[in-house]
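> with the input below, show me the fold.
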Amino acid sequence: MTVEMGLRERKKALTREALSRAAMRLAVEHGVEGVTVEAIAAAAGVSPRTFHNYFPGKEEAIVATLTDGAQSVIDGLRVRPDEEPVWDSLRQVLIEVLLPSESRDETIALMRLVKQNPGLIAQQLGGLGEMQRQIAEIVAARTGTDVARDLYPHLLAGAAGTAMRAAVDLWTEGKADTDLPDLVRDAFDQMRAGLPPPERR
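Purely as a prediction, here's the structure:
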């Protein structure tokens with residue numbers, strides 16, 4: 001039974017990934033308005049009914065590659081060593097999740113598309129907000145603080161989210177001379193140091 005459930009879950013994950021990648025490609029090629037649920041389903045080789053088993057609408061599917069990455073941050077953070085400083089854990093997990101893949105150009109195009117579409121922005125922010133909430137819970141458990149009463153886990157989760165978004169935004173615009181993992185490391189290092197003023201150029 002365990003093997004059967006494992007295979008079923010893996011198949012579901014592959015279907016979700018196929019749908020989200022198809023949605024991303026179609027949105028980048030045709031714009032959000034030019035994408036339909038039927039087109040996404042056809043590109044992924046499933047029916048529209050199957051699409052709705054995974055996503056309520058096309059916007060959720062288009063940004064799924066980004067919001068699923070947020071869940072990967074949570075999953076990665078949960079398995080980091082308890083004795084590791086939580087800030088180091090967050091930095092390492094984010095670097096691993098944000099490493100550019102073979103779809104780097106598509107990912108950049110999608111991020112730029114998201115910035116231009118209020119509906120996609122709302123979906124992405126919802127995913128990031130949920131990620132920050134769960135990070136705060138993990139930080140609280142790791143540091144012996146109370147997520148319902150103490151500022152620390154929320155501040156740390158918020159600082160990590162800000163560092164990540166700043167690095168990703170700069171990388172997406174293509175104006176930085178640094179790769180994304182190095183930008184994330186630099187952002188975390190600067191936050192940890194208290195954001196000292198940079199030397200004048």
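
> may I ask you to name the longest helix in the protein?
helix 2-30 (DSSP state H).

> what's the helix or strand that comes right after that one packed up against?
Downstream of helix 2-30, the first helix or strand assigned by DSSP states H and E is helix 37-44. Packing partners of helix 37-44 (3 or more Cβ pairs under 8 Å, 6 or more residues apart in numbering; DSSP states H and E): helix 2-30, helix 48-54, helix 58-62. (C-beta placed from N, C-alpha, C; glycine too.)

> which helix or strand lies directly C-terminal to the shortest one?
Put plainly, it is helix 58-62. Next in sequence after helix 58-62, counting helices and strands by DSSP H and E, comes helix 64-78.

> tell me how this structure divides into domains.
Following automatic domain parsing, one finds the domains of the chain at 2-58, 63-192.

> wait, which of these is closest to residue 199?
domain 63-192 (12.8 Å; Cβ to Cβ).

> that closest one: end-to-end distance?
End-to-end distance of domain 63-192 (Cα to Cα, to the nearest Å): 30 Å.

> how far off centre is it?
6 Å (Cα atoms, centre = their mean, to the nearest Å).

> returning to that earlier point: want to throw the helices and strands packed on helix 37-44 into a markdown table with distance to residue 104, mean neighbour count and mean pLDDT?
What follows is the helices and strands packed on helix 37-44, written out as a markdown table (distance: least, Cβ to Cβ, whole Å; neighbours: other Cβ atoms under 10 Å; pLDDT from 0 to 100):
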| stretch | distance to residue 104 | mean neighbour count | mean pLDDT |
| --- | --- | --- | --- |
| helix 2-30 | 13 | 15 | 86 |
| helix 48-54 | 25 | 14 | 96 |
| helix 58-62 | 18 | 23 | 94 |
